[in-house]
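Visitor: Quick one, structure for this:
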Amino acid sequence: MMLNVTFCSSRLFLLRDSQSNPKAFVLTLCHHQKIKHFQILPCEDDGQMFFSLDDGNTKFTDLIQLVEFYQLNKGVLPCKLKYHCIRVAL
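Guide: Presented below is the predicted three-dimensional model:
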């Protein structure tokens, strides 16, 4: 999966599996014509699994909740999420 910075609209994002950590995901976000990557790590609290972008300060039970939160709130990101990237087969 590759985002081309030339066609990168600000606040365009995608979620993907992490290449460096098989248990994690990555949020890839375009902001001011730059592509930034944020690792989404699984964390455990009282035996329940969560996903977090900010070392467990803000926890989500699934990735849909995480995306919905960051569409409404900037949080630790440089901007709110707006446009999800659609996968196109080449």
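Visitor: Can you say which helix or strand has the residue nearest in space to the middle of the chain in it?
Guide: The chain has residue 27 as the residue nearest its centroid, 2.4 Å off, counting by C-alpha atoms, centre = their mean. Assigned by DSSP states H and E, residue 27 belongs to strand 25-31.
Visitor: What residues sit buried inside that strand?
Guide: Neighbour-count burial for strand 25-31, counted by 16 or more other C-beta atoms under 10 Å, picks out 25, 26, 27, 28, 29, 30. Just so you know, the C-beta spots here come from the backbone N, C-alpha and C atoms, and that holds for glycine as well.
Visitor: out of the residues you listed, which one sits closest to residue 48?
Guide: residue 25 (17.8 Å; C-beta to C-beta).
Visitor: Tell me the predicted confidence for that closest one.
Guide: Confidence at residue 25, expressed as pLDDT, is 97.
Visitor: same check, this time on the one 5 residues further on
Guide: Reported pLDDT at residue 30 in the predicted model: 93.
Visitor: ok, it touching residue 77?
Guide: No. The pair residue 30 and residue 77 fails to qualify as a contact (C-beta atoms under 8 Å) at a distance of 11.6 Å.
Visitor: could you point out the longest strand in this protein?
Guide: strand 34-45 (DSSP state E).
Visitor: So what's the gap between that one and the chain middle?
Guide: The chain centroid and the centroid of strand 34-45 are separated by 6 Å, computed with C-alpha atoms, centre = their mean, to the nearest Å.
Visitor: Would you mind pulling the contact partners of the helix or strand just after that strand?
Guide: Next in sequence after strand 34-45, counting helices and strands by DSSP H and E, comes strand 48-52. For strand 48-52, contacts defined as C-beta atoms under 8 Å, 6 or more residues apart in numbering pick out 25, 40-44, 56, 58-63, 66.
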